[in-house]
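Student: how would this look folded up:
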Amino acid sequence: MPIKIKDSLPAQKTLESENIFVMTEYRAMHQDIRPLHVLVLNLMPTKIVTETQILRKLSNTPLQVEVEFLHTASYQSKNVEASHLDTFYKVYDEVKDRNFDGMIITGAPLDYTDFADVAYWDEVCKIMEWSKTHVHCTLYMCWGAYAGLYYHYGIQNVYLPEKLSGVYEHHVLKKNSPLFRGFDDIFYAPQSRAMTVNKEDIEKIAELELLAVSDEAGVTMLKTKDSRQFFMTCHPEYDADTLALEYYRDLEKGIEPKIPVNYFPEDDPKKQPIVRWRSTGQLFFSNWLNYYVYQSTPYDVAKINK
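Tutor: Next up, the predicted model:
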């Protein structure tokens, strides 16, 4: 939330130059406030777990946020009761005539699956296209990020020879970006994926700017220069045991996965994982919600993109 100060206080210019949001008395008196409306397209099979992780991060702010969940109508989830979807989720046709301040498109466990072979690809494309005119700011996460970069900018994903799994160091490239307010220059975050994109392909697109990268994990965060679309390949929303559960799941499937990097103490799966990314997750989602949704969305949500 902003700091409220007296009109013309000398510190105002200095604070604003440091990307600290200050509000003068005049602006405060003329400010209209309403809840933010955020739509989450949840593509994960473990829907309840993902709901909880995202809501936990979005709640770390004094902003009032109304969250709604969306699922695909063209694919029936096998890991959640139909009654849960009927009660707590909507489908595209139920929201297509509405506008939203923010939207999150989650990842999906689709390692080594081409986009055209995804059962609900056409529907996701329709939703991504709709978001350009009905959502003020959209955050694409993991598989969702690769899908968005491919659909909107034609950037082809590259399959990795083996799955990337673990907690990696990431370097902030845009240190003055409000997105990284409170971040260290190097931050830790989990990665869990079998694809990437080439940095060179990102740099060819004039509308895009890289925000963070990892020496081991590659491109991590980027956005459009108008700050209407964000793409994140890491998982700062993950719980302490998420990578462990994925590891044991793959073991049971006979996949013989490698032990997640920098996760278990001494690489011993019998030991409790060390969490190094909790503050990163809290700061990332709070900053995204505050600086790129709350502070720039129109008060009348119906005026988005008009």
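
Student: just the strands in the chain please.
Tutor: Ranges of strands within the chain are 3-5, 22-24, 36-41, 65-70, 89-90, 100-105, 135-141, 158-172, 186-196, 208-214, 218-224, 229-232, based on DSSP state E.

Student: looking at those, which is nearest to residue 273?
Tutor: The closest of the strands of the chain to residue 273 is strand 158-172. By Cβ to Cβ, the value is 8.4 Å. Every C-beta, even on glycine, is put in place using the N, C-alpha and C of the backbone.

Student: give me the contacts around that closest one.
Tutor: 111-112, 180, 183-198, 211-217, 220-221, 234, 243, 246-247, 257-258, 260-263, 276-277 (Cβ atoms under 8 Å, 6 or more residues apart in numbering).

Student: can you flag the buried ones in the residues you listed?
Tutor: 180, 183, 187-197, 211-214, 217, 220-221, 234, 243, 246-247, 260-261, 263, 276-277 (16 or more other Cβ atoms under 10 Å).

Student: how far away is the nearest residue to residue 206 once chain neighbours are set aside from residue 151?
Tutor: Counting by Cβ to Cβ, 6 or more residues apart in numbering, residue 225 is the residue found nearest to residue 206 once chain neighbours are left out, at 8.0 Å. From residue 225 across to residue 151, the span is 18 Å (Cβ to Cβ, to the nearest Å).

Student: looking at the two, which one has more neighbours?
Tutor: Applying other Cβ atoms under 10 Å to residue 225 and residue 151 shows that residue 151 carries more neighbours, namely 16 against 11.

Student: hang on, that one packs against residue 126?
Tutor: No. With contact defined as Cβ atoms under 8 Å, residue 151 does not count as touching residue 126 (10.2 Å).

Student: and for residue 248, nearest residue in space, chain neighbours not counted?
Tutor: Distance criterion Cβ to Cβ, 6+ apart; nearest residue to residue 248, sequence neighbours excluded, is residue 269 at 7.8 Å.

Student: can you count the residues close to the one you found?
Tutor: 13.

Student: cool, residue 83 as well?
Tutor: Other residues near residue 83 number 8, with proximity taken as other Cβ under 10 Å.

Student: cool, the one 4 residues further on as well?
Tutor: As a burial measure, the neighbour count of residue 87 was computed by other Cβ under 10 Å and equals 8.

Student: with residue 65 instead?
Tutor: So residue 65, with other Cβ under 10 Å, has 17 neighbours.

Student: contacts only, for it.
Tutor: Contacts for residue 65 (Cβ under 8 Å, 6+ apart) come out as 35, 36, 38, 58, 59, 289.

Student: of these, closest to residue 87?
Tutor: residue 38 (18.8 Å).

Student: just give the nearest non-adjacent residue to the closest one, would you?
Tutor: Leaving out its chain neighbours, the residue that sits closest to residue 38 by Cβ to Cβ, 6+ apart is residue 102, at 4.3 Å.

Student: return the distance of residue 109 relative to residue 190.
Tutor: In terms of Cβ to Cβ, residue 109 sits 15 Å off from residue 190.
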